[in-house]
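Participant: 3D model of this:
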Amino acid sequence: MNSTIGLSDILLISPMIALFLASLIPITAKVLRGNREQHPVVTLSQALIGIVIAIGLLIVFGGAGKTAFNNGLIFDGVTQWMGVIALAAAGAAMIMMYENPSTTGKQFSELIFLAMSSAIGMLILVSAVDLLMVFIGLETMSLALYLMIAMSHEEKLSKEAALKYFVLGSFASAVFLYGVAFIFGSTGGTNILAFMENAAELVQSSRLFLFGITFVILGFCFKVSIAPFHAWTPDVYQGAPTPHTAFMATAVKTVSFAAFLRVIATKSLIGSDHLFDILQWLAVITMIVGNTAAIIQNNLKRMIAYSSVAHSGYLLIGIITAGVSDNGAFGASGVIFYLLSYSLMTLGAFAVASMLERSENHIVNIEDLAGFARQRPMLALCLTVFLLSLAGIPPTMGFFGKFYLFNAAIGEGLLWLAIWGMISSVIGVYYYLRPIVVMYMKEGNAEVAGHSLNATTVTAVVMALAIVVMGFVSGPIFSAVEKSLF
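Facilitator: Numbering: from 1, shown residues only. Reported below is the predicted structural model:
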C-alpha cells in the first residue's frame, strides 16, 4: 500500500485546510488583543470568507471522483453537492449567530471557531469512504456542536440540551463503532469501496457482516433522527440557541445523510430482505411519528423539530431507493435535491424564529405570531413561503423535492412507501398552515426583537426568493445533480 501523501491529496482536501486556517484567525486575533473580542462583524466576515473560499475549492477540485489518502476520502458528485449545501447552510447559521441574543457577545470568536471546526468535520464526513474516516468526521463535527450548544447565554434549557445530545450522541457513536468492528472482523478492512462490489453476497453468507452493517445503520438512524431513535431531537432543538438548531437541522443532517447514502449504496439491502423490510417500516414510522407529534406542539421550534423528524422519514425513502436501484444515481439525486430544498426552507423558518426572540430566555410559541402579518408583512410572507414549501405545496421547491423522491421510489416498485409519504404529507399540511392562520387571521402585537436584525432579515428574504425561483427551474437543477453522479 502506498502511504505517501502527494500534492493531489493536499489539493483535494484544500477546502478543509481553508476552513481550518479561517477558523484560527478570529481566535488568534482575540489572544493577541489581550482576550478582548474584535468587532463581531469582523469575526463573522473572516468566517464567511473562509466558507466562500472552501466552497470555491470544493467546486474546482471536487466532483471528479478522485480519491485521497489511500482511498480514505473520495471527491465525487455527492461530496461536491452535499459539501456545498452543508457549507452554505453553516454560513447562513453563522449570520444568525451574529444577531441572536443567545450567541452574540463575549465568546463570539470561540463560537465561530467551534462552528468552523464542526464544518471541517462535515467535509470529512461527506467525502469519507472508509468507516473509520466516517467516525472521525462524525466526532469532529459532533464534539464541536456539543460545546456550541453548552456555550449559550441561556442558563437552563441549553445546558440540558447539550448534556442530552452528548450522552445520546456518544451512545450512538459506540453503536456505530461496534458495527465497524464486526465489519472489520468479517472483511479484514473498513473501506466501503473494498466491499462495495460484494456487500450483497457478504450479507447473505456472513452473519458477522450482517450484524456489523445493521449496527452501522442504527448509528446513522440516531444521527439523522429516524424513529424510534429520534427522542433527543425535539429536546435538543428546543433547548439549543435557534441558530445552532438551524445549523443542526440543515448542515448536520445533510452530511449525515451523505455518509448514510454511501453505506447504503453498497447494495447490502439487496442481500437481506429482513434489513430491507425493517428500514422501510422505520421510514413509515418516522413519517407518521414526526407529523402526528408536530400537530400537538405549541412551541414553534419544537414543531419544526418534529417536522424535521418527518422529513428524515421522507429522505429515508430516497436512501432505500438508492440502495436497491440498479441506477442508484436517480435515487441519490432525489436525496440531494430534497436536502437542498429542505435546507433552504428550514434555515429560513429558523431565521424568522430567531428574529422573534427578544432575549436568550424568550420562548416563541405559535400563538405569539398573532398580528405578525400586519406588523411585518414581508417577514410574514417569507415565513408563509417556508411553511408552504415544507408542506410540499406547488410550485415551491419543497413540492418538487417530494415529487422526485416519491417518483424514484415508485420506479423501483416501492409504491407503498410513496403512498405513505403522500399520506404523511397531507397530515403535515395541517400544522404547517396553523402558524399561517395565526399570522394572518388573529389579532395581536407580534413583533421582531428590538435589536438590529438586518443580516438575518436579508438571509430570510434570500431563502424565500430562492425557494420560489428554484421551484420554477427545479428540472434543470435536478438534471445537473443527476449528471454529476454518473
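Participant: which residues are in contact with the helix or strand of the chain with the lowest mean pLDDT?
Facilitator: None of the helices or strands of the chain scores lower by mean pLDDT, DSSP states H and E than helix 268-271, at a mean of 81. Identification of contacts with helix 268-271 by C-beta atoms under 8 Å, 6 or more residues apart in numbering yields 199-204, 210, 213, 275-276, 279, 320, 323-324. From N, CA and C alone the C-beta is placed, and that goes for glycine too.
Participant: before we move on, what about stretch 198-214?
Facilitator: 179-187, 195, 263, 266-268, 270-272, 275.
Participant: what residues does stretch 12-25 touch?
Facilitator: Under C-beta under 8 Å, 6+ apart, the answer for stretch 12-25 is 10, 46-47, 49-51, 53-55, 57-58, 61-62, 66, 68-69, 73, 75, 83, 87, 112-113, 116-117, 119-120, 123-124.
Participant: Name only those of those that count as buried.
Facilitator: Buried subset of the contacts of stretch 12-25 (neighbour count, 16 or more other C-beta atoms under 10 Å): 46-47, 50-51, 53-55, 57-58, 61-62, 66, 68, 73, 75, 83, 87, 112-113, 116-117, 119-120, 123-124.
Participant: low-scoring pLDDT stretches of the stretch 251-400 of the chain, where are they?
Facilitator: Scanning the stretch 251-400 of the chain for pLDDT under 70 picks out the ranges 327-328.
Participant: at 90 instead, please
Facilitator: Low-confidence segments of the stretch 251-400 of the chain (pLDDT under 90): 262, 264-276, 297, 299-301, 322-334, 353-377, 379, 392-396.
Participant: in it, which spans are helices?
Facilitator: 253-264, 268-271, 273-295, 300-324, 328-355, 372-375, 377-391, 397-411 (DSSP state H, counting those that start in this stretch).
Participant: Which one of the ones you listed lies nearest to residue 458?
Facilitator: With C-beta to C-beta, the closest approach to residue 458 among these belongs to helix 328-355: 9.5 Å.
Participant: got the angle for that closest one vs helix 253-264?
Facilitator: Between helix 328-355 and helix 253-264, the angle comes out at 160 degrees (axes from the mean of the first three to the mean of the last three C-alpha atoms, to 10 degrees).
Participant: chain center to helix 328-355, what's the gap?
Facilitator: 8 Å (C-alpha atoms, centre = their mean, to the nearest Å).
Participant: same thing with stretch 10-21?
Facilitator: 21 Å.
Participant: and that stretch, which residues are buried?
Facilitator: 11-16, 18-20.
Participant: how about CSV for those, with secondary structure and distance to residue 166 added?
Facilitator: Converted to CSV, the buried residues of stretch 10-21 look like this (DSSP: H, G, I helix; E, B strand; the rest coil; distance: C-beta to C-beta, whole Å):
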residue, secondary structure, distance to residue 166
11, helix, 35
12, helix, 32
13, coil, 28
14, helix, 31
15, helix, 28
16, helix, 24
18, helix, 29
19, helix, 23
20, helix, 24
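Participant: Using TSV, lay out these together with distance to residue 338.
Facilitator: Below are the buried residues of stretch 10-21 laid out as TSV (distance: C-beta to C-beta, whole Å):
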residue	distance to residue 338
11	31
12	27
13	27
14	29
15	23
16	26
18	28
19	25
20	30
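Participant: between those, which is closest to residue 355?
Facilitator: residue 19 (27.5 Å).
Participant: before we move on, the earlier item: just the buried ones among the contacts of stretch 12-25: which are in helices?
Facilitator: 46-47, 50-51, 53-55, 57-58, 61, 83, 87, 112-113, 116-117, 119-120, 123-124 (DSSP state H).
Participant: check contacts around the residue nearest the centre of the chain.
Facilitator: In the chain, the C-alpha nearest the mean C-alpha coordinate belongs to residue 253, at 2.3 Å (C-alpha atoms, centre = their mean). Residues near residue 253 by C-beta under 8 Å, 6+ apart: 224-225, 308, 312, 339, 342.
Participant: switch to 10 Å and redo it
Facilitator: 86, 89, 223-225, 247, 308, 311-312, 315, 339, 342-343, 346 (C-beta atoms under 10 Å, 6 or more residues apart in numbering).
Participant: Between which two of those residues is the distance greatest?
Facilitator: Longest span within these, C-beta to C-beta: 247 and 315, 17.9 Å.
Participant: Pick out whichever of these two has more residues nearby.
Facilitator: Legend: neighbour count by other C-beta atoms under 10 Å for residue 247 and residue 315, higher for residue 247 (29 against 26).
Participant: my read: that one touches residue 93, true?
Facilitator: Yes. With contact defined as C-beta atoms under 10 Å, residue 247 reaches residue 93; the gap is 3.9 Å.
Participant: overlap in contacts of those two?
Facilitator: 115, 119, 241, 347, 350.
Participant: on that earlier part again, residue 236: which of the helices of the stretch 251-400 of the chain is closest?
Facilitator: So among those, helix 300-324 is nearest, using C-beta to C-beta, at 8.1 Å.
Participant: Show me which residues of the closest one are buried.
Facilitator: Result for helix 300-324 [16+ other C-beta under 10 Å]: buried residues 300-324.
Participant: Give me the pLDDT value at the residue of the chain most remote from its centre.
Facilitator: In the chain, counting by C-alpha atoms, centre = their mean, residue 34 sits farthest out from the average C-alpha position, at 36.4 Å. Note on residue 34: pLDDT of 85.
Participant: Which of the three states applies to it?
Facilitator: coil (DSSP: H, G, I helix; E, B strand; the rest coil).
Participant: From residue 23, how far off is it?
Facilitator: As judged by C-beta to C-beta, to the nearest Å, residue 34 and residue 23 stand 21 Å apart.
Participant: Then residue 436?
Facilitator: For residue 436, the distance to residue 23 - C-beta to C-beta - is 39 Å.
Participant: now do residue 102
Facilitator: Between residue 102 and residue 23 the computed distance is 21 Å (C-beta to C-beta).
Participant: swap in residue 97?
Facilitator: In terms of C-beta to C-beta, residue 97 sits 14 Å off from residue 23.
Participant: quick one, which of these two is more surrounded?
Facilitator: Neighbour count, other C-beta under 10 Å: between residue 97 and residue 23, residue 97 has more, with 28 against 24.
Participant: between the helix or strand harbouring that one and helix 253-264, how big is the angle?
Facilitator: Assigned by DSSP states H and E, residue 97 belongs to helix 77-99. Helix 77-99 and helix 253-264 meet at an angle of 160 degrees, taking the same axes, to 10 degrees as the criterion.
Participant: Show me what helix 77-99 is packed against.
Facilitator: Other helices and strands packing on helix 77-99, by 3 or more C-beta pairs under 10 Å, 6 or more residues apart in numbering; DSSP states H and E, are helix 14-32, helix 40-61, helix 108-127, helix 242-247, helix 253-264, helix 328-355, helix 454-472, helix 474-484.
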